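Student: When you get a sec, could you give me coordinates for this:
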Amino acid sequence: MRSNTHYSKKSILHKFMKLSSRDFKKIIESTPLVSIDLVVRNNQGSVLLGKRTNRPAQNNWFVPGGRILKNETIESAFKRLIKEELGFSSANTKFLGLYQHFYDDNFSEDDFSTHYIVLAYEITFEGELALLPLEQHSKYKWFSQQELLEDESVHKHSKWYFQENKRADACLGT
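Tutor: Below is the predicted model:
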């Protein structure tokens with residue numbers, strides 16, 4: 001996937017509807033969200049994880065990613081997320097599969113769960129960790145696949161990308 005399209009937060013807000021906190025809570029309480037997770041590897045095969053600053057999965061190491069917005073194509077969401085999460089406008093991708101993430105909490109303090117349907121993609125990144133944005137993650141670190149599977153502070157949903165039969169459709173025999 002290659003493109004020179006650049007997205008600014010301002011242009012995204014104009015193109016896609018911004019929800020009030022109340023409306024967003026109602027949606028999360030009532031239906032799954034659709035998101036894209038990025039399994040980011042460097043040329044040595046290490047995996048990039050960020051220490052999450054917000055809920056769900058707060059204070060856990062997690063892969064970069066984010067939700068797809070209303071009226072946003074998967075391609076546009078992917079381009080926006082690699083720009084926002086990693087600071088670049090294009091990447092070669094490999095689709096890893098469809099996953100489901102269930103959390104007991106949500107972005108707010110209210111008592112309801114969060115359910116994501118996740119499209120997972122693997123990409124390669126050789127940028128500087130110090131230049132990565134700190135909006136969603138307080139810091140970043142490269143993990144070997146074995147390290148992330150053994151580390152208790154890596155969220156289980158990030159580990160699933162490296163474990164057998166964790167895809168959402170695994171039970172369907174596909």
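
Student: Which strands and helices lie in contact with the helix or strand containing residue 85?
Tutor: Per DSSP states H and E, residue 85 falls inside helix 74-86. Where contact means 3 or more CB pairs under 8 Å, 6 or more residues apart in numbering; DSSP states H and E, helix 74-86 is packed against strand 33-41, strand 65-67, strand 114-124. Quick note: C-beta positions are derived from backbone N, CA and C, even for glycine.

Student: In the second one, which residues are buried?
Tutor: Taking 16 or more other CB atoms under 10 Å as the neighbour-count basis, strand 65-67 is seen to contain the buried residues 65, 66, 67.

Student: Make TSV out of those and add distance to residue 20.
Tutor: Shown next, in TSV, are the buried residues of strand 65-67 (distance: CB to CB, whole Å):
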residue	distance to residue 20
65	23
66	19
67	16
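
Student: Closest to residue 29 out of these?
Tutor: Ranked by distance to residue 29 (CB to CB), the buried residues of strand 65-67 are led by residue 67 at 15.1 Å.

Student: Nearest residue to the closest one in space, please, no chain neighbours.
Tutor: Closest residue to residue 67 apart from its sequence neighbours, by CB to CB, 6 or more residues apart in numbering: residue 35 at 4.4 Å.

Student: Pretty sure that neighbour sits against residue 116.
Tutor: Yes: with contact defined as CB atoms under 8 Å, residue 35 reaches residue 116; the gap is 5.0 Å.

Student: anything in contact with each of the two?
Tutor: Contact criterion CB atoms under 8 Å, 6 or more residues apart in numbering; residues shared by residue 35 and residue 116: residue 67.

Student: The helices and strands packed on helix 74-86 into CSV, with extra columns for mean pLDDT and distance to residue 151?
Tutor: Shown next, in CSV, are the helices and strands packed on helix 74-86 (pLDDT from 0 to 100; distance: least, CB to CB, whole Å):
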stretch, mean pLDDT, distance to residue 151
strand 33-41, 94, 16
strand 65-67, 92, 19
strand 114-124, 92, 19
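
Student: of all the ones you listed, which lies closest to residue 88?
Tutor: Closest among the helices and strands packed on helix 74-86, once you apply CB to CB, is strand 114-124, at 9.5 Å.
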